[in-house]
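Colleague: Give me coordinates for this.
(chains A, B, C, D, E and F)
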6 protein chains.
Amino acid sequence: MDSGWLPSLQTPSPEAGFELAVKLGRMGVKAAQPSAELREALRRNYEQDSEQLIAVSHVVAVHFQTIAAANNYWR
Amino acid sequence: MDSGWLPSLQTPSPEAGFELAVKLGRMGVKAAQPSAELREALRRNYEQDSEQLIAVSHVVAVHFQTIAAANNYWR
Amino acid sequence: MDSGWLPSLQTPSPEAGFELAVKLGRMGVKAAQPSAELREALRRNYEQDSEQLIAVSHVVAVHFQTIAAANNYWR
Amino acid sequence: MDSGWLPSLQTPSPEAGFELAVKLGRMGVKAAQPSAELREALRRNYEQDSEQLIAVSHVVAVHFQTIAAANNYWR
Amino acid sequence: MDSGWLPSLQTPSPEAGFELAVKLGRMGVKAAQPSAELREALRRNYEQDSEQLIAVSHVVAVHFQTIAAANNYWR
Amino acid sequence: MDSGWLPSLQTPSPEAGFELAVKLGRMGVKAAQPSAELREALRRNYEQDSEQLIAVSHVVAVHFQTIAAANNYWR
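Modeller: Numbers count the residues shown, from 1 in each chain, chains lettered A, B, ... in the order given. Down below sits the predicted model:
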């Protein structure tokens, strides 16, 4: 895994937190499939599959929950 | 991702919080499939599939949990 | 979405909280499929499918977790 | 739904809490499929399907999380 | 369910907590399928199926979250 | 299970916490399928399946939530 890709869970805004959640979801896939070429090929598959897109959105939701708590919900 | 689409997790009511949860679920899909045209096509698919509708509802539930905590459950 | 359907997460009892969790799960489906007629048709499908019934129960469990916390577990 | 089936989330022990979690999972299914006869028929199906048994166990895990928190982890 | 199988959520170490999470996942399956013989037969099925093994790992993750909180994360 | 593989949930950084989450997800699979040879064979299967990779990422997300809380979000 690349060093320095996740310096902190703190983000300046909820929106930046959501983007970080998307990134964490992708890093979870990368941990299991390190080949960028293969991930790109698989992406062309799931991008057209609503079931998998919903599953991706679910993973983002779990990470966003973590990040929101880490930022005290940006209150 | 559009700038300014998520200014805050605070909402005036539980109902507004639920609507925000629905929106976050959709933004999670959008992050993986940016084409509005393709998302519209996929929507026509999953709208008729109870399994996928339940999966969508699950994602909403996770986001609503986050938003409810962010609002101290509107107590 | 109907206005006023979710005035509060506070309920008088755990049982009422569970019923609200069931309702929230249904509202998550409704947000993705607004047609009551189509939802009724889909319901006839998933009511006979144990896999989907378990998935529905899972969504209820997530919402119940939120509602239980909102009510300080009715302690 | 039967009145009085969930008087409290407090249980005397972790084991009783786990049994309550199993019950809540079943009540989530019952909310979507009220017919006891049909649920019994479906049970004969999923009892033989490891995938569905794992899904049932997942729902129990979510409810047990809620109940454990409600009991301050029986500390 | 066997009496006395879950005396406490407190464990001496994170590792013991993880083992307890695995046990809770299995007890969730046992609650739905009490026959040890049938569970053994199903195990031979899912042991060879990566999808189900990932699902099992997911259930363990939820229980481990509960147990870790119960132990104040062994801090 | 190997003794001493999980001495602590505390990690020096979010990145190390994420790596630990990946490891916990794998240990959950290992608990259900102890054979390293068979797990290697199954890995060649799910590495090419976007649906399973997303499921793996989901498990990582749940464990990361636990670890992040254990580290007080590295604040």
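Colleague: list the buried ones in the helix or strand encompassing A:K23?
Modeller: Assigning secondary structure by DSSP states H and E places A:K23 in helix A:14-32. For helix A:14-32, the buried set under the neighbour-count rule, 16 or more other C-beta atoms under 10 Å in any protein chain shown, comprises A:14-22, A:24-32. Every C-beta, even on glycine, is put in place using the N, C-alpha and C of the backbone.
Colleague: For that helix, name the packing helices and strands.
Modeller: The elements that helix A:14-32 packs onto, with contact taken as 3 or more C-beta pairs under 8 Å, 6 or more residues apart in numbering or on different chains; DSSP states H and E, are helix A:50-70, helix B:14-32, helix F:14-32, helix F:50-70.
Colleague: what mean pLDDT does that helix have?
Modeller: The pLDDT scores in helix A:14-32 average 98.
Colleague: mind saving the C-alpha coords of that helix as CSV?
Modeller: Only the C-alpha atoms of helix A:14-32 are listed here, as CSV (Å, rounded to 0.1, in the frame of the first residue of the first chain):
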residue,chain,number,x,y,z
PRO,A,14,-18.5,17.0,5.2
GLU,A,15,-18.0,17.0,1.4
ALA,A,16,-14.3,16.4,1.8
GLY,A,17,-15.2,13.7,4.3
PHE,A,18,-17.4,12.0,1.7
GLU,A,19,-14.7,12.1,-0.9
LEU,A,20,-12.3,10.5,1.6
ALA,A,21,-15.0,7.8,2.3
VAL,A,22,-15.0,7.0,-1.5
LYS,A,23,-11.2,6.8,-1.4
LEU,A,24,-11.2,4.4,1.5
GLY,A,25,-13.7,2.2,-0.2
ARG,A,26,-11.4,2.0,-3.2
MET,A,27,-8.3,1.3,-1.1
GLY,A,28,-10.2,-1.6,0.4
VAL,A,29,-10.6,-3.0,-3.1
LYS,A,30,-6.9,-2.3,-3.9
ALA,A,31,-5.8,-4.2,-0.8
ALA,A,32,-7.4,-7.3,-2.3
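Colleague: I'd like to know how far A:K30 sits from F:E19.
Modeller: The gap separating A:K30 from F:E19 is 12 Å, by C-beta to C-beta, to the nearest Å.
Colleague: could you point out which element follows the helix holding A:K23?
Modeller: Moving toward the C-terminus from helix A:14-32, the next helix or strand (DSSP H and E) is helix A:36-46.
Colleague: what's that next one packed up against?
Modeller: Contact partners of helix A:36-46 among helices and strands, from 3+ C-beta pairs under 8 Å, 6+ apart: helix A:50-70, helix F:50-70.
Colleague: tilt between that helix and helix A:50-70?
Modeller: Here helix A:36-46 runs at an angle of 110 degrees relative to helix A:50-70 (axes from the mean of the first three to the mean of the last three C-alpha atoms, to 10 degrees).
Colleague: Tell me how many other residues surround whatever residue of chain A ends up closest to chain C.
Modeller: Closest to chain C within chain A is A:I54: 9.6 Å, counting by C-beta to the nearest C-beta. A:I54 has 25 neighbouring residues, counting by other C-beta atoms under 10 Å in any protein chain shown.
Colleague: separation between the closest residue to it other than its chain neighbours and A:S35?
Modeller: Excluding its sequence neighbours, the residue lying closest to A:I54 (C-beta to C-beta, 6 or more residues apart in numbering or on different chains) is B:A55, at 4.7 Å. Distance, B:A55 to A:S35, using C-beta to C-beta: 28 Å.
Colleague: Give me the more crowded residue out of the two.
Modeller: Neighbour count, other C-beta under 10 Å: between B:A55 and A:S35, B:A55 has more, with 26 against 11.
Colleague: residues touching the more buried one, list them.
Modeller: Applying C-beta atoms under 8 Å, 6 or more residues apart in numbering or on different chains to B:A55 gives the contacts A:E51, A:I54, A:A55, A:H58, C:A55.
Colleague: Quick check: it vs B:G28, distance?
Modeller: According to C-beta to C-beta, B:A55 stands 12 Å off from B:G28.
Colleague: Give me the common contacts of these two.
Modeller: In contact with both B:A55 and B:G28: A:H58, using C-beta under 8 Å, 6+ apart.
Colleague: quick one: contacts for the closest residue to chain B within chain A?
Modeller: The nearest approach of chain A to chain B comes at A:S57, 3.1 Å away (C-beta to the nearest C-beta). Listed by C-beta under 8 Å, 6+ apart, the contact partners of A:S57 are B:G25, B:R26, B:G28, B:V29, B:A31, B:A32, B:V59.
Colleague: So A:A32 sits against F:Y46, correct?
Modeller: Yes: in this structure, A:A32 is within contact of F:Y46 by C-beta atoms under 8 Å, at 7.3 Å.
Colleague: mind listing what A:R43 touches?
Modeller: F:S50.
Colleague: So it versus F:F18, what's the distance?
Modeller: Counting by C-beta to C-beta, the gap from A:R43 to F:F18 is 21 Å.
Colleague: And A:H58, by the same measure?
Modeller: Taking C-beta to C-beta, one finds A:H58 at 18 Å from F:F18.
Colleague: neighbours of the residue of chain A at minimum distance from chain D, just the number please.
Modeller: Closest contact between chain A and chain D, by C-beta to the nearest C-beta, is at A:V62 (12.5 Å). Residues contacting A:V62 under the criterion other C-beta under 10 Å number 25.
Colleague: Contacts only, for the closest residue in space to it that isn't next to it in sequence.
Modeller: Sequence neighbours aside, F:A61 is the residue nearest to A:V62 in space, at 4.0 Å (criterion: C-beta to C-beta, 6+ apart). Contact analysis of F:A61 by C-beta under 8 Å, 6+ apart lists A:L24, A:G25, A:G28, A:V59, A:V62, A:H63, A:T66, F:A21.
Colleague: Distance check, the nearest residue in space to A:W74 that is not next to it in sequence against chain E.
Modeller: Closest residue in space to A:W74, ignoring its immediate chain neighbours: A:P14 at 5.2 Å, by C-beta to C-beta, 6+ apart. Relative to chain E, A:P14 is positioned 23 Å away (criterion: C-beta to the nearest C-beta, to the nearest Å).
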